[in-house]
Each structure stands twice: as C-alpha cells, then as structure tokens.
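J.: Could you work out the structure for the sequence below:
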Amino acid sequence: MLFDEHRRIDLSWSAMGISTRWPRPSDTFVGLAAVMSFYLVFRGSFDIAMALAASRAPGWWVLLIVGLAELAIASAFAVSKVGHGVAAFDGQHAS
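T.: Below you'll find the predicted structure:
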C-alpha cells in the first residue's frame, strides 16, 4: 500500500518537473551551469592547493593538472552564462 502511494507521488513530481522545464530548457541549462561552475571553482581550487601541499609526493602534478582543468571548465560555464555564450552550449541562438 505504501509503495503505491510513493509511486503516485513520484510520478506527480516527475510530471510537474517535466511540465515546468519543457517550455524553456535554456533556463534549466543556465541554472545547471551556475551550480556546476560554483562546484568546479571550489573543487579546482582545493585540488590545486592539495597538489601544492603534496608537491614532494610522486605524481603531485597530476592533481595540479586536474585542478587547472576544473578551473578551466568552471570558467567556460561561467562565461556561457553571460551574453551569447549560452548559445554555444545549448544549441540555441541568443537574441
């Protein structure tokens, strides 16, 4: 009995999510880009700091490269939110 109730709630939340994001998926992309850039900035900074702290360990440079790549990806997401950059990622033309 409880399983059926959870299934109904799950289906209703899914339907609401699809119906609210279907007409304008670009807003969803911009929000997701903001969250991902926020995460990647902190993760990349943390990885760079950890690589520099462990610079005597073998292979520390791999973590440094990963941290720099995360910061590069985060900056690409941040730039994509400004002006015409969103069109490069979601396939739509900015007006």
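J.: where along this protein do the helices fall?
T.: Applying DSSP state H to the chain gives helices spanning 2-21, 25-53, 60-80, 85-90.
J.: Could you give the average pLDDT over stretch 44-58?
T.: What stretch 44-58 shows for mean pLDDT is 93.
J.: Then stretch 76-83?
T.: Stretch 76-83 comes out at a mean pLDDT of 65.
J.: hmm, back to that, between the helices of the chain, which has the poorest average model confidence?
T.: Lowest mean pLDDT of the helices of the chain: helix 85-90, a mean of 49.
J.: picking that back up, output the helices of the chain in a markdown table; the columns should cover mean neighbour count.
T.: C-beta coordinates here come from the backbone N, C-alpha and C atoms, glycine included. Compiled in a markdown table, the helices of the chain are given as follows (neighbours: other CB atoms under 10 Å):
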| stretch | mean neighbour count |
| --- | --- |
| helix 2-21 | 10 |
| helix 25-53 | 15 |
| helix 60-80 | 16 |
| helix 85-90 | 15 |
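J.: Give me the phi and psi for R56.
T.: Main-chain dihedrals, R56, degrees, to the nearest 10: phi -90, psi -10.
J.: Can you tell me, leaving aside adjacent residues, what's nearest to I73?
T.: What sits nearest to I73 in space, not counting adjacent residues and going by CB to CB, 6 or more residues apart in numbering, is L40, at 5.5 Å.
J.: Alright, that wraps it up for me.
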